[in-house]
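Q: Predicted model follows, preceded by the sequence.
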Amino acid sequence: MSLIGKDAIVAKINEIAERIADPEGIEIVEVQLLGAGRGRLLRLFIDRPQGVSHADCEFMSQQLGTILDVEDVIPGDSYTLEVSSPGLERKLFKPKDFERFVGQKARVVLREPVENQRRWEGKLAGITEGIVALEPSAGRVIHFPLTQIEKANLKFEW
């Protein structure tokens, strides 16, 4: 399976998953298609404001699994479908993630350094027109475009 084929399959799965999830108030956080052949793993991360229940995962698994099988979205023999919550240190992808978690601590790795640094930790201070604001220390705020983020996730304080 070529990379372009894989990206197209993941996009199709994401589209189907959102059709199922939206009416239920469930957010599709991420879709991953890993492995090959019989060892293929489809991993779906879901969330909702009040948190994800086991019933939410079961619902998404049954609904999505049925549609994927009927429409033969994943070519080949078989795959394993895994549905779970993104966890306490969930990844941040979309602009709405950076809005939703304002005030929470995040860890960000940038493609290009800001102030000679690529790795930052701090409180999310918002996002405006694609520019993320992060407060690494009280009273100090750095700004960088969403497109410059290599990876970002919430940082849970123990």
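A: Perfect, thanks for sending it.
Q: Tell me where the chain has strands.
A: Per DSSP state E, the chain carries strands over the ranges 27-34, 41-47, 80-84, 105-114, 117-128, 131-137, 140-145, 149-154.
Q: now those as TSV including mean pLDDT, mean neighbour count and distance to residue 70?
A: Bear in mind the C-beta positions are built from the backbone N, C-alpha and C, glycine included. Putting the strands of the chain into TSV (pLDDT from 0 to 100; neighbours: other CB atoms under 10 Å; distance: least, CB to CB, whole Å) gives the following:
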stretch	mean pLDDT	mean neighbour count	distance to residue 70
strand 27-34	93	17	18
strand 41-47	94	19	15
strand 80-84	94	16	14
strand 105-114	95	16	39
strand 117-128	95	16	38
strand 131-137	95	17	40
strand 140-145	96	15	41
strand 149-154	94	16	34
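Q: Put the alpha carbons of stretch 145-158 into CSV.
A: The C-alpha trace of stretch 145-158 is given here as CSV (Å, rounded to 0.1, in the frame of the first residue of the first chain):
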residue,chain,number,x,y,z
PRO,A,145,2.2,29.9,13.8
LEU,A,146,0.2,26.7,14.2
THR,A,147,1.9,25.5,11.0
GLN,A,148,5.3,25.6,12.8
ILE,A,149,4.3,23.0,15.4
GLU,A,150,5.9,19.6,14.8
LYS,A,151,4.1,18.2,17.8
ALA,A,152,2.1,19.4,20.8
ASN,A,153,0.3,17.8,23.7
LEU,A,154,-1.1,18.7,27.1
LYS,A,155,1.2,18.3,30.0
PHE,A,156,-0.4,16.7,33.0
GLU,A,157,0.7,18.0,36.4
TRP,A,158,1.1,15.2,39.0
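Q: Can you give me the domain assignment for the protein?
A: The record's domain parsing of the chain by automatic domain parsing lists 3-84, 95-154.
Q: how about the strands of the chain in TSV, adding distance to residue 54?
A: Output for the strands of the chain, formatted as TSV (distance: least, CB to CB, whole Å):
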stretch	distance to residue 54
strand 27-34	17
strand 41-47	12
strand 80-84	10
strand 105-114	27
strand 117-128	29
strand 131-137	33
strand 140-145	37
strand 149-154	22
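Q: mind checking which of these is nearest residue 62?
A: Closest approach to residue 62 among the strands of the chain (CB to CB): strand 80-84, 9.4 Å.
Q: residues in contact with residue 149?
A: For residue 149, the contacting residues are 92, 108, 109, 110, 111, 132, by CB atoms under 8 Å, 6 or more residues apart in numbering.
Q: Right, I'll call it a day here.
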